[in-house]
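Trainee: generate coordinates for the sequence data below:
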Amino acid sequence: MVVDWLNLLAFCVYSTLTYLIAKDIYKVLVSFSLSQIEFSHLQFKMRNNSKVEVEVFSKLWCKIEDELFEFKGGFYGNKTNWILQPFTDGQGHFYLKDIVNKDGIKIENFVKDNSISSITFYLQIKYRRVGRVKWKKSSPQKFAYDFDNSRFWLNV
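Mentor: Just a heads-up that it's a prediction; the model follows:
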């Protein structure tokens with residue numbers, strides 16, 4: 001009788017742990033990073049760290065003196081998606097100087113005209129398992145760029 005109860009307890013523990021492992025494997029997780037290629041040319045890399053296919057959107061913006069600069073469309077304007085297979089990497093690139101405000105003024109021209117040497121900009125991604133409704137969002141990552149010296153860094 002005691003052996004039967006111990007077998008039942010062992011089976012319950014085994015079943016619970018198997019369920020938790022299987023559930024954890026299918027959680028969606030995407031990570032990303034930025035690196036500088038040359039001058040204001042930046043490379044965006046992302047990785048699907050889960051066992052399911054994911055859909056990823058990104059949004060890049062910068063606010064300078066109450067002026068909002070952002071990409072109006074495409075991959076960095078929250079309009080075009082990436083589809084990443086399980087455990088694969090994706091990448092893209094963009095010129096930071098090409099983001100514009102609502103009047104169509106490029107950030108490069110704005111900083112030159114206003115004698116601004118460096119800016120802070122943000123990049124955020126949202127992602128979900130393909131075919132699902134619920135989105136996950138990353139915290140906006142804060143970066144800085146010095147137009148005078150063409151330097152880029154993570155601004156923490």
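Trainee: now the terminal residues of stretch 123-136, how far apart.
Mentor: 15 Å (Cα to Cα, to the nearest Å).
Trainee: identify the residues contacting it?
Mentor: 26, 28, 30, 32, 34, 44, 46, 50, 52-60, 76, 78, 83, 137-141, 143 (Cβ atoms under 8 Å, 6 or more residues apart in numbering). In this view, the C-beta of every residue, glycine as well, is placed from N, C-alpha and C.
Trainee: just these: which are in strands?
Mentor: In strands, defined here by DSSP state E, the members of these are 30, 32, 34, 44, 46, 54-60, 83, 137, 141, 143.
Trainee: in PyMOL, how would I select just the buried ones from the contacts of stretch 123-136?
Mentor: Of the contacts of stretch 123-136, the buried ones can be selected in PyMOL as follows, counting by 16 or more other Cβ atoms under 10 Å:
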select buried, resi 28+30+32+34+44+46+50+52+54+55+56+57+58+59+60+76+78+138+141+143
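Trainee: report the beta-bridge partners for the most centrally placed residue in the chain.
Mentor: When Cα atoms, centre = their mean is applied to the chain, the residue found nearest the centroid is Ile125 (3.4 Å). Counting by DSSP bridges, Ile125 is bridged to Ser58.
Trainee: how close does it sit to Gly131?
Mentor: 18 Å (Cβ to Cβ, to the nearest Å).
Trainee: and the ones in strands among the contacts of stretch 123-136, which two are the farthest apart?
Mentor: Ile83 and Phe143 (25.2 Å; Cβ to Cβ).
Trainee: surely Val111 is in contact with Phe147?
Mentor: Yes. Between Val111 and Phe147 there is a contact under Cβ atoms under 8 Å: 5.3 Å.
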